[in-house]
Structure formats: structure tokens, C-alpha cells
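In: pasting the structure only:
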């Protein structure tokens, strides 16, 4: 671990009276910087409060509605139009589905309560760490509900860390250790020898206080890949991006900006950005598997990370990954050390793929046995079935997922 150092950025924030939250998270006011006028700041704070209220109401509705609605009757279909990420992975009469995103057990419930008489198995892949007491307690309660209401359904948690697996098993759940970064495509994320290196580091992090972008502000040449999922109101997103741009003329945002908001990049475009940088950054303290960490490695980038929970460090190797102090100057030093070592990108990629392919074979064998035990006529997996994260799930309404299951059950597919 690098020696403790306090960067100039931290000094400036202390002089301005800024207080960093637990885990080094910035407050909303720190994320967006100084507003142009007192009135502008009042408007921005009001917009953020309104956005947080809308987000909480929406999240509550999506999470709790399946608990309230009956399995049958006029009211049973009220949540049928809600989109959820799921995919049918077996064409047997008894469905095998993957469900991804936060609170996967809650999302699976939207399907489960409509399939109560039937056997079904759900592979749950929460995209945020389960190493939180409140989350584990909620999962315990969910498992009690499933055992009572859906006795023919099996829930299997695919956990990003061995500690997550232990915690789920401790509350009576079925869980295996299978880090979600296995699904990242090595065909998309790869070294591009003809792309010149322009930046010391790249940071792929959405607009969120959890991503701690400020920790990278001391790096001399930095490129950001970012996105917004609505954690801040649009005005807050714009202010945050202006703050990123104001750090240095040598700092860049790779995304196209449309009306001051970040446009999306394709996976191929993101890989091109990675290849323009010498080092990949992982700056959050709490995370899930963090897909971008595996994307960096497959593109051949060494990594500077912070101490964290969530499982992104499962494929790290001390030969090309530094877990350093969460301080801007320390991070700059770690980036420069890895940059100057110029580790061959094919070496980083190759060593990562050795581990990934071995664990993919283990998961394929597990899923093949699971399908066989469910009476599926599908042959065992001979090739990796998940072509990138899109192979795990697809976003569709609950009704659309149920139609697919019904069509297979009636031999229409």
C-alpha cells in the first residue's frame, strides 16, 4: 500500500469547509461545485431534493408492488408493464431464468408469483455487494416468503465473493461463488496496438457520489468515460460534468455531450478509449463486480484501485494491480509507477483470461448439471453461453418474459 499523502485537492476542499461523507463519498454540493449565483444554487439544491423524492417513490413502487399484489385476479397484473432484466436460459418445461440488478430476489418475485404451481429455478445476480447486514436480513425474509408461497421454486445466488456466498448460506439460501466479471467479452475488450496512448489513466464511472471521481483529480492526463442513471437531476449532471472539465485542460470526457449531458458510447468505442490510456482506475469503496475492472484487464491495462468490497479485486494480480491509499496524490503516484513500467498489454490480458476461462468451465458444468436435474433436453454447455452482459439478461416487461416462458412450455418455440 502506498504511503499516506494528502493532495492539494483535499486541502482545497478543507479550506472551503467541505466534509467528505463516510467511505470518502462527496456530498451533492461537493459533486456539483460552486453554483454561479446564490439563486442558482438554491434552484440546484431544490432540483436535487425533488429528484431524490421521485427516485425513492419509484424504487419503493418497483420493489414492493410484487409483495402487495395477489397472484391471481384483477389486480394481479398491475406490475406486468414494469421492465425487469431477466432471460430464460433453458428450454425445458420448467424454466431456468437469470435475474440481474439490485434486489434480484425482489425482481424475481414478479415472475415467481405468476408461476406458483410450477417448478422453476432462478439464478440471481445482484449487481451490488451483498456484504451488508441490512441486505442479508432482507434476503432472509425474502427466502421465508418464497419457501411459503413458492415451494416449487429454487433461488440460487451467484455471488461475487466467497464472503457473499457464506453470508447467503448463513440465512438459509443456496449460493455459489461465481464472479459476474466472467461474462465480459474478450472479443470486444482487447488491446489495439495501433492506438497511441494519450492519457496516463482512464476512469469509467457513472455520475454518482459512490464513484469518488475527485480522487483522480491530481492525475496529469486523464480521460473519463461516464454516464447518468438519474442519481442527480439533469442540472446536477451538467454541473458535475462542468466540474470535471474545469480540473485541467489535460482532462477529457470521452462521451459526446448532448445539451450538456453525456451521450452513450458503444462497447467498441469504450474499448478504444481504454486503449488511449496507460492505466485503468477503480475508485469506489463499495461496489459490485464492477464490469469496467474486467474490461480494463482484457484491454491489457494495469489497474490502480482502492480498498473495496464487492468483488472487483477477484481477478487482480499484484504484478499489475495496485491497491493504494484513497488520496489524490497517492493515486497519481501509483498511476505513474504502473505507466512507467509499461507492462505488455497482451501479458495482462493473457494471464487474466487463463483464470477467467477456468472459472467459466466450472460455471458451465454447474449450469449443465442444473438443467439436467430439471429434466431439460438441452445438451450440456460445450461453449460459453453468455456473449457479454447482454447474454445474461434482457430488459423486457414482466408480461413479455411470461409470454416467452408460456410459449416454450406449450412447445411454440
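Out: Looks like it came in fine. Everything numeric in this text was worked out from a predicted model, so none of it was measured.
In: can you give me the strands for the stretch 251-400 of the chain?
Out: 251-253, 257-258, 261-262, 277-282, 303-305, 321-323, 394-397 (DSSP state E, counting those that start in this stretch).
In: of the ones you listed, which is nearest residue 195?
Out: For these, proximity to residue 195 was assessed by C-beta to C-beta; strand 277-282 is nearest, at 9.9 Å. Just so you know, the C-beta spots here come from the backbone N, C-alpha and C atoms, and that holds for glycine as well.
In: how distant is the closest one from the center of its chain?
Out: 18 Å (C-alpha atoms, centre = their mean, to the nearest Å).
In: possible to save the strands of the stretch 251-400 of the chain as TSV with mean pLDDT and mean neighbour count?
Out: Converted to TSV, the strands of the stretch 251-400 of the chain look like this (pLDDT from 0 to 100; neighbours: other C-beta atoms under 10 Å):
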stretch	mean pLDDT	mean neighbour count
strand 251-253	98	17
strand 257-258	96	10
strand 261-262	96	18
strand 277-282	98	26
strand 303-305	98	27
strand 321-323	98	20
strand 394-397	68	15
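In: of the ones you listed, which is nearest residue 381?
Out: strand 394-397 (19.0 Å).
In: one step back: and the strands of the stretch 251-400 of the chain as JSON lines, adding distance to residue 221?
Out: Shown next, in JSON lines, are the strands of the stretch 251-400 of the chain (distance: least, C-beta to C-beta, whole Å):
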{"stretch": "strand 251-253", "distance to residue 221": "8"}
{"stretch": "strand 257-258", "distance to residue 221": "20"}
{"stretch": "strand 261-262", "distance to residue 221": "20"}
{"stretch": "strand 277-282", "distance to residue 221": "8"}
{"stretch": "strand 303-305", "distance to residue 221": "14"}
{"stretch": "strand 321-323", "distance to residue 221": "18"}
{"stretch": "strand 394-397", "distance to residue 221": "36"}
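In: how about these, which one is nearest residue 201?
Out: Closest to residue 201 of these is strand 277-282 (C-beta to C-beta; 4.5 Å).
In: and that closest one, what does it pack onto?
Out: Strand 277-282 is packed against strand 199-204, helix 291-298, strand 303-305, helix 328-341, with contacts defined by 3 or more C-beta pairs under 8 Å, 6 or more residues apart in numbering; DSSP states H and E.
In: and residue 154, which of the ones you listed is closest to it?
Out: helix 291-298 (26.6 Å).
In: what's the closest one in contact with?
Out: 180-181, 184-186, 189-190, 202, 204-205, 225, 270-271, 274, 280, 282, 303, 305, 312-313, 315-316, 348-349, 352-353, 356, 389 (C-beta atoms under 8 Å, 6 or more residues apart in numbering).
In: chain center to it, what's the gap?
Out: The answer for helix 291-298 is 12 Å, by C-alpha atoms, centre = their mean.
In: quick one: that helix to strand 277-282, angle?
Out: 150 degrees (axes from the mean of the first three to the mean of the last three C-alpha atoms, to 10 degrees).
In: picking up where we left off before, hmm, which of the contacts of helix 291-298 are the buried ones?
Out: Neighbour-count burial (16 or more other C-beta atoms under 10 Å) applied to the contacts of helix 291-298 gives 180-181, 184-186, 189-190, 202, 204-205, 225, 270-271, 274, 280, 282, 303, 305, 312-313, 315-316, 348-349, 352, 356, 389.
In: pretty sure residue 164 contacts residue 314?
Out: No. Counting by C-beta atoms under 8 Å, residue 164 sits too far from residue 314 to count as a contact (11.1 Å).
In: who's more crowded, those two?
Out: residue 164 (24 against 19; other C-beta atoms under 10 Å).
In: where in the stretch 1-150 of the chain is pLDDT low?
Out: 1-23, 34-37, 59-95, 100-117 (pLDDT under 70).
In: spit out the contact partners of residue 227.
Out: By C-beta under 8 Å, 6+ apart, residue 227 lies in contact with 206, 207, 255, 262, 264.
In: which member of those residues is positioned nearest residue 289?
Out: Lowest distance from residue 289 to the contacts of residue 227 (C-beta to C-beta) belongs to residue 206, with 14.8 Å.
In: so what's the backbone phi/psi at the nearest residue in space to that closest one that is not next to it in sequence?
Out: The shortest distance from residue 206 to any non-neighbouring residue, by C-beta to C-beta, 6 or more residues apart in numbering, is to residue 227 (4.8 Å). Backbone geometry at residue 227, expressed as degrees, to the nearest 10, gives phi -160, psi 170.
In: could you report the separation of residue 227 from residue 375?
Out: 42 Å (C-beta to C-beta, to the nearest Å).
In: can you check residue 125 too?
Out: For residue 125, the distance to residue 375 (C-beta to C-beta) stands at 24 Å.
In: more crowded one of those two?
Out: Neighbours per residue (other C-beta under 10 Å) separate residue 125 from residue 375, with residue 125 holding more: 24 against 11.
In: these two touch, right, the more buried one and residue 180?
Out: Yes. Here residue 125 reaches residue 180: they are 5.8 Å apart, a contact under C-beta under 8 Å.
In: intersection of neighbour lists for those two?
Out: Joint contacts of residue 125 and residue 180 (C-beta under 8 Å, 6+ apart) are residue 158.
In: out of the strands of the stretch 251-400 of the chain, which is closest to residue 174?
Out: Closest approach to residue 174 among the strands of the stretch 251-400 of the chain (C-beta to C-beta): strand 394-397, 24.2 Å.
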